[in-house]
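Novice: Need a 3D model of the following:
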Amino acid sequence: MLINRRTLLSSAAACLCAGPGLAMDTDAPPAARIAPVTDNIFGTRVTDPYRWMEDVKSAEFQTYLKQQGEHAAKVLGRIPGRDSLAAAISRSTAEKRSVREIQVAGDTMFVDERPAGSASYRLVARSLGGGNARTLVDPDARADGRKHALIWWRASPDGSLVMFGIAEDGSEDVTARIIETATGRLLPETIDRIPHNALSWADDSKSVVYNRLSGQDRTATDYFARSVAWRHRVGTDPAQDTKVLAQGQYKAIKISATDFPAVAITKGAATAVAVLFNGVQSELTAFSAPLASLGKTDTPWRPVFTPEDKITAFFSRGDELYLITFANAPRFALLRTSAASPAIKHAAVVVPESENLLDTGVAARDAIYVFGRDSRGLSNLRRLRDDGSIETLALPFDGSITSPVADPRRDGAWFLLESWTRPTTVCYAGRDGSVRVIPFDTEPRNATADYVSEMVLVTARDGTRVPLSIIYKRGLKRDGSAPTILSAYGAYGVSYDPEYAPRFFAWLELGGIHAIAHVRGGGEFGHDWYLAGKNATKPNTWRDMIDCAKCLIAEKWTSTPRLAIEGTSAGGIAVGRALTERPDLFAVALSRVGVSNAARSEFSPNGPPNIPEFGSVTDPQTAPALVAMDAFYAVRDGTKYPAVLLTTGMNDPRVSPWEPGKMAARLQAASASDNPVLLRVDAQGGHGMGATRNQLDGEYADLFAFALWRMGDPRFQPANRHK
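Specialist: Below is the predicted model:
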């Protein structure tokens, strides 16, 4: 690498400097107009000086965002060593093929992959019997100046067709097309406003049921409201598609405005299952009906389960319905019932709750394959045979499993396996109980030997033991001088599982540490762990992060002048409130498209679906907790805040740009320190779903360079640093 650990650690005294040694000649950030609006939220008065920014279409806000982005680009571009760091990151991400999803249909494995050196993920078809790979969808082939991304895709049961969605410039305004696998020919039909792959092909591969948004304006608060499940027959005009499930269509099914109705069709089954995804609420609602009755005025929908049954996921094998539940099982159990004649109260428990957390499962001809995690956060694989016996299968290496797939008419299961230090690998679990790697290419040279990952348990202030993962280069000295980025998420019951992150290898090569606080609000220890960081208990999320930071310092992994905290999306709550509660504990805060103004989020397009997760300011039961988790309202004038870098994308549909925009303005006006507060703006970006490799490489180069500059690393200091 151009930047090496020896150079970094050879000047420890300089690395721990602060104040004038970090100076850089920069213009002041653009000042934002102040127009205070005061709200009384059930007795708590809060003042918002930048409410006007929520009009994202206004010329004033667009100008403000543009000027903030230009200012940040100027400052970040002046950091010495930034370009060399960007080159190192690019080499690391270009070195290895990256795979994020697979599906097996017919005799073909479909792979969502980014080949070595490529900018974007593309859809590739590979014969299960061997032979050359064929690229079906390549977003980089579109040369119109826009940044295109493959957002989702799903192959038909026989593998002859694939429906896929493409979005531009990170907007997630997805347009769907259908392509023939054998010829690569695009069929003429085009369908817009399909943001996710909640779709299901019919068994004959001639029709598909999909969910489509009704809203036209992606900046409106009702953009995601009242979506509809439609059935499309291949080769016909989408304007003639059949409405399958919508609000008010059937008296037997009560659908709210924030529900996303979808229909699951399983190979060989005569029954369809309709499911209502209520925003981000984990508990699902489902109904079943004969497959032949879909779209008819008298479809005889019958209840399968309700939120009170605490079902979080399901899958089928024929008309057998398998349900994952946390009812009387906080670490989850697997139930079995009939889709045609569901009896949830009398469903059989086929995989009981155990010390191994149950995540998901897939149905194959020979068995049910169940994927879970142990107390270390590492995945395990169990197989449930038809005779009721359960066996554990050995994995090729310790890590986390994603994208498990199987075919009820075929033996075995496929999945992706990765770890903090091992790249994503395609694996196959066979009928004989063996698990083998399906090699696409060789591992990169930096894959295993150079880096170490370990997990420690941190005792939080209330006595709870919080897992903390620590990744570093072998030979690191524990003397408190290592630059460290501490990341956290803690929302939706989503676990921060081991993942192969090659961009961080450039950071590790500098002698840095990447630490992950597995804070409450995630799903690392099951449903109770999630509830311990939700709504009224949300302070546990950021205080767990703070306590993990204190542990890193006490155990001499790092020190305050060398410590940065990072959070992405909902992780912006953790980093924002850790920043505002303990501004003295960190040198740097990095908030990537982060939720910064949680008490106002519900008034953004993605806000209403998130009310079950975070609450509403109109609800006296949840409003106090929502205000408490709001970093924007927690900023105090005259406080010495650390250096802060926030990011946003102009086309972000999930966390509106006004959230980081308001947070940047508030910190810039309030901070009593000389530390910079920057807002990095990607004009062709969104929430990150459609970002190219080059976009992400550039973003991480800015994040790392900014952190190292403010940590005092001599290689990242401007020439005038002693003036």
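Novice: wait, what's in contact with the nearest residue to residue 252 once chain neighbours are set aside?
Specialist: Using C-beta to C-beta, 6 or more residues apart in numbering and skipping residues adjacent in sequence, the residue nearest residue 252 is residue 301, 4.8 Å away. In short, each C-beta sits where N, CA and C put it, glycine included. By C-beta atoms under 8 Å, 6 or more residues apart in numbering, the contact set of residue 301 is 250, 252, 253, 274, 287, 288, 289.
Novice: List phi and psi for the residue nearest to the first one when sequence neighbours are not counted.
Specialist: This means residue 250. Leaving aside its chain neighbours, residue 250 sits nearest to residue 301 (5.8 Å; criterion: C-beta to C-beta, 6+ apart). With angles defined as degrees, to the nearest 10, residue 301 sits at phi -60, psi 140.
Novice: One more: residue 400?
Specialist: Torsion angles, degrees, to the nearest 10, at residue 400: phi -120, psi 140.
Novice: hang on, the earlier thing: among the contacts of residue 301, which one has the most neighbours?
Specialist: With neighbours taken as other C-beta atoms under 10 Å, the top of these is residue 288, carrying 26 neighbours.
Novice: quick revisit: and the residue nearest to residue 250, how close does it get to residue 256?
Specialist: Residue 301 sits 16 Å away from residue 256, going by C-beta to C-beta, to the nearest Å.
Novice: ditto for residue 284
Specialist: 13 Å.
Novice: got it, and residue 320?
Specialist: Distance from residue 320 to residue 256, by C-beta to C-beta: 30 Å.
Novice: Neighbour count: these two, which is higher?
Specialist: Neighbour tally, residue 320 and residue 256, criterion other C-beta under 10 Å: the higher count belongs to residue 320, 18 against 13.
Novice: I'd guessed that one sits against residue 338; true?
Specialist: Yes. In terms of C-beta atoms under 8 Å, residue 320 counts as a neighbour of residue 338; the distance is 6.8 Å.
Novice: shaky segments in the stretch 101-250 of the chain?
Specialist: Across the stretch 101-250 of the chain, nothing is flagged by pLDDT under 70.
Novice: Then the chain?
Specialist: For the chain, the stretches flagged by pLDDT under 70 are 1-23, 25-26, 279, 441-448, 720-723.
Novice: which residue ranges form the helices in it?
Specialist: For the chain, applying DSSP state H gives helices covering 5-9, 12-15, 59-77, 82-94, 503-509, 527-531, 539-554, 571-581, 611-614, 623-628, 631-634, 658-670, 693-711.
Novice: okay, the angle between the last one and helix 59-77?
Specialist: Interaxial angle, helix 693-711 versus helix 59-77 (axes from the mean of the first three to the mean of the last three C-alpha atoms, to 10 degrees): 70 degrees.
Novice: and residue 83, what does it touch?
Specialist: So, once contact is read as C-beta under 8 Å, 6+ apart, residue 83 ends up touching residue 701.
Novice: typo on my end, it should be residue 494
Specialist: Neighbours of residue 494 in contact, by C-beta under 8 Å, 6+ apart: 522, 523.
Novice: Walk me through the domains of the protein.
Specialist: Using automatic domain parsing, the domain parsing of the chain gives 67-92+447-712, 98-192, 198-311.
Novice: Compare the ones you listed and report which one is nearest to residue 413.
Specialist: Evaluated over these, closeness to residue 413 peaks at domain 98-192, with 9.2 Å, by C-beta to C-beta.
Novice: So for the closest one, first residue to last residue, what's the gap.
Specialist: 28 Å (C-alpha to C-alpha, to the nearest Å).
Novice: now do stretch 669-678
Specialist: For stretch 669-678, the end-to-end distance is 12 Å (C-alpha to C-alpha).
Novice: dump the residue contacts of the residue lying closest to residue 490 once chain neighbours are set aside.
Specialist: Sequence neighbours aside, residue 521 is the residue nearest to residue 490 in space, at 3.4 Å (criterion: C-beta to C-beta, 6+ apart). By C-beta under 8 Å, 6+ apart, the residues touching residue 521 are 489-493, 529-530, 532-534, 538, 540-541, 574.
Novice: from the residues you listed, which is closest to residue 378?
Specialist: Using C-beta to C-beta, these come closest to residue 378 at residue 529, 16.2 Å.
Novice: shouldn't the closest one be in contact with residue 522?
Specialist: Yes. At 6.6 Å, residue 529 counts as touching residue 522 under the criterion of C-beta under 8 Å.
Novice: so what sits against both of these two?
Specialist: Common neighbours of residue 529 and residue 522 (C-beta under 8 Å, 6+ apart) are residue 493.
Novice: Pull out the buried residues from stretch 574-589.
Specialist: Burial within stretch 574-589, assessed by neighbour count using 16 or more other C-beta atoms under 10 Å, is assigned to 574-580, 582-583, 585-589.
Novice: Specify which member of those residues is nearest to residue 265.
Specialist: For the buried residues of stretch 574-589, the nearest to residue 265 is residue 574 (38.8 Å; C-beta to C-beta).
Novice: Appreciated, that's everything.
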